[in-house]
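Trainee: Quick one, structure for this:
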Amino acid sequence: MPIFPGLKGCYKKYLFILLGWFFVLLGIIGIVLPLLPTTPFLLIASALFAQSSPRFHQMLLNNSWFGPTIQEWEATRTLARKIKYRASFLIIFVFSISVALLKKNIYLQMLLIGIAFVLLYFLWRIKEEAG
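Mentor: This is a model prediction of the structure:
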């Protein structure tokens, strides 16, 4: 299904490439910041590149760190259980540190705990690969 179907020609291609790199950048930032999820941003970048730049799309698919996850998602719309475990560990670890650092602000602590639970809920609702 095309993204922005009314946008024409080369403008669309360059807009998608620009947006794709923007989402790659957000994904990279998400590696170190607890509130930015890496994988969804990279999946969005992959979808944008698939419609605008086969070269950049292949670059994401061939990346040794997150390429296999993107390939699996594009092929089956599933994630491996070990990816879910890793993501869960990182969510719990990073959010625990954030909550510990905010020990004097109970409202922010509760907000972070709520966000962590929402992230975990949606992560574990994604179908797992068969086999």
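Trainee: From now on I want contacts and neighbour counts done on CA atoms only, so please keep to that.
Mentor: Noted.
Trainee: what's stretch 59-72 in contact with?
Mentor: L42, L43, S46, T78, L79 (CA atoms under 8 Å, 6 or more residues apart in numbering).
Trainee: So the fourth one is in contact with E128, correct?
Mentor: Spelled out, it's T78. Yes - between T78 and E128 there is a contact under CA atoms under 8 Å: 5.0 Å.
Trainee: before we move on, the earlier item: of the contacts of stretch 59-72, which is the nearest to K104?
Mentor: The closest of those to K104 turns out to be L42 (CA to CA; 34.6 Å).
Trainee: and the gap between the closest one and G114?
Mentor: Per CA to CA, to the nearest Å, L42 is found 24 Å from G114.
Trainee: got it, and F16?
Mentor: In this view, F16 and G114 are 33 Å apart by CA to CA.
Trainee: repeat for N62
Mentor: Relative to G114, N62 is positioned 35 Å away (CA to CA).
Trainee: Show me where the chain dips below the pLDDT cut-off.
Mentor: Across the chain, the stretches falling below the confidence threshold (pLDDT under 70) are 1-9, 34-36, 131.
Trainee: Can you pull the domain assignment for it?
Mentor: Following automatic domain parsing, one finds the domains of the chain at 1-76, 78-131.
Trainee: Dump those to TSV, plus mean neighbour count.
Mentor: Shown next, in TSV, are the domains of the chain (neighbours: other CA atoms under 10 Å):
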stretch	mean neighbour count
domain 1-76	16
domain 78-131	14
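Trainee: wait, P37 sits on G27?
Mentor: Yes - with contact defined as CA under 8 Å, P37 counts as touching G27 (6.8 Å).
Trainee: For the helix or strand containing T39, name the packing helices and strands.
Mentor: If you go by DSSP states H and E, T39 is part of helix 38-52. Counting by 3 or more CA pairs under 8 Å, 6 or more residues apart in numbering; DSSP states H and E, the packing neighbours recorded for helix 38-52 are helix 9-32, helix 54-61, helix 67-76.
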